[in-house]
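Participant: Please work out how this folds:
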Amino acid sequence: MAAPDLRAELDSLLLQLLRDLEELEVKRGALNARVEEGWLSLAKARYAMGAKSVGPLQYASRMEPQVCVCASETQDGLQTFRVVRADAQTPEEVGPREPALRRRKGPTKTPEPEPSAAPQDPLNWFGILVPHSLRQAQTSFREGLQLAADIASLQTRIDWGRSQLREIQEKLKQLEPGAA
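Facilitator: Coordinates of the predicted model:
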């Protein structure tokens, strides 16, 4: 590849890297704001309901995740992260949930309680009529989780861009007339 082509590629890569860094800064600021907002709303809920009404003693004995973070690879080989609802089935989970062969007759065993089809809303742990601030806290933390996945994907893209930048700089050094 000729030096002018490499320089054009370097310029476009630098511009993309700067755009990604700017987006990263914006998303980190938004994440900090969501987390701060969530903690403040949680403090307001504790004040409204009482400190002992919003705490670990109200957590369910069996907690199930409402969302999962899935990592996947793009065609470029970059890893991306996304937040998906826990009740959404992935292709690996589709199909029968029991072994293919079953014993028709024989000793019956007590069936294990199946996890509910849809995870219960954790706000119900704190009562039926929860303050609006508790709902706001939940929303803020959910938005923060989505932003965290976006930031992780963006950080991966930035790291890839930096490695590409180094490779192009090395090629340009080798093409320079004074390089030995």
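
Participant: Okay, and the residue sitting nearest the centre point of the chain sits in which element?
Facilitator: Residue closest to the mean C-alpha point of the chain, counted by C-alpha atoms, centre = their mean, is Ala149 at 3.0 Å. Using DSSP states H and E, Ala149 sits within helix 132-175.

Participant: Checking my notes, Ala60 in a strand, right?
Facilitator: No - going by DSSP: H, G, I helix; E, B strand; the rest coil, the assignment for Ala60 is coil, not a strand.

Participant: Does Ala51 fall in a helix, a strand, or a coil region?
Facilitator: On the basis of three-state DSSP, Ala51 is classed as coil.

Participant: what about it, how many residues close to it?
Facilitator: 9 (other C-beta atoms under 10 Å). All C-beta atoms are positioned from the backbone trio N, CA, C, and that covers glycine.

Participant: same check, this time on Leu42
Facilitator: For Leu42, using other C-beta under 10 Å, the count is 18.

Participant: Check for me that it belongs to a helix.
Facilitator: Yes - assessed with three-state DSSP, Leu42 lies in a helix.

Participant: so it touches Val54, yeah?
Facilitator: Yes - counting by C-beta atoms under 8 Å, Leu42 does reach Val54; the two are 7.0 Å apart.

Participant: list the contacts for Gln174?
Facilitator: By C-beta atoms under 8 Å, 6 or more residues apart in numbering, the contact set of Gln174 is empty.

Participant: Can you tell me how far it is from Leu6?
Facilitator: As judged by C-beta to C-beta, to the nearest Å, Gln174 and Leu6 stand 10 Å apart.

Participant: got it, and Pro177?
Facilitator: 14 Å.

Participant: more neighbours, these two?
Facilitator: Leu6 (16 against 5).

Participant: did I read that right, that one in a helix?
Facilitator: Yes - the assignment for Leu6 is a helix, going by three-state DSSP.

Participant: which residues sit against stretch 23-34?
Facilitator: Contact with stretch 23-34 is made by 140-141, 143-144, 147-148, 150-151, 154-155, 158, as judged by C-beta under 8 Å, 6+ apart.

Participant: what do you get for stretch 137-155?
Facilitator: Counting by C-beta under 8 Å, 6+ apart, 20, 23-24, 27-28, 30-31, 34-35, 37-39, 41-42, 45, 67, 69, 78-83, 122-123 sit against stretch 137-155.

Participant: Format the CA atom coordinates belonging to that stretch as PDB.
Facilitator: The C-alpha coordinates for stretch 137-155 follow below in PDB (Å, rounded to 0.1, in the frame of the first residue of the first chain):
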ATOM      1  CA  ALA A 137     -34.500   4.500  41.000                       C
ATOM      2  CA  GLN A 138     -35.300   1.200  39.200                       C
ATOM      3  CA  THR A 139     -35.600   3.000  35.900                       C
ATOM      4  CA  SER A 140     -32.400   5.000  36.500                       C
ATOM      5  CA  PHE A 141     -30.400   1.800  37.300                       C
ATOM      6  CA  ARG A 142     -31.900   0.000  34.200                       C
ATOM      7  CA  GLU A 143     -30.800   2.900  32.000                       C
ATOM      8  CA  GLY A 144     -27.400   2.800  33.600                       C
ATOM      9  CA  LEU A 145     -27.000  -0.900  32.900                       C
ATOM     10  CA  GLN A 146     -27.800  -0.300  29.200                       C
ATOM     11  CA  LEU A 147     -25.300   2.600  29.100                       C
ATOM     12  CA  ALA A 148     -22.700   0.400  30.800                       C
ATOM     13  CA  ALA A 149     -23.100  -2.200  28.000                       C
ATOM     14  CA  ASP A 150     -22.900   0.500  25.400                       C
ATOM     15  CA  ILE A 151     -19.700   1.900  27.000                       C
ATOM     16  CA  ALA A 152     -18.100  -1.600  27.100                       C
ATOM     17  CA  SER A 153     -18.800  -2.100  23.400                       C
ATOM     18  CA  LEU A 154     -17.500   1.400  22.600                       C
ATOM     19  CA  GLN A 155     -14.400   0.800  24.700                       C
END
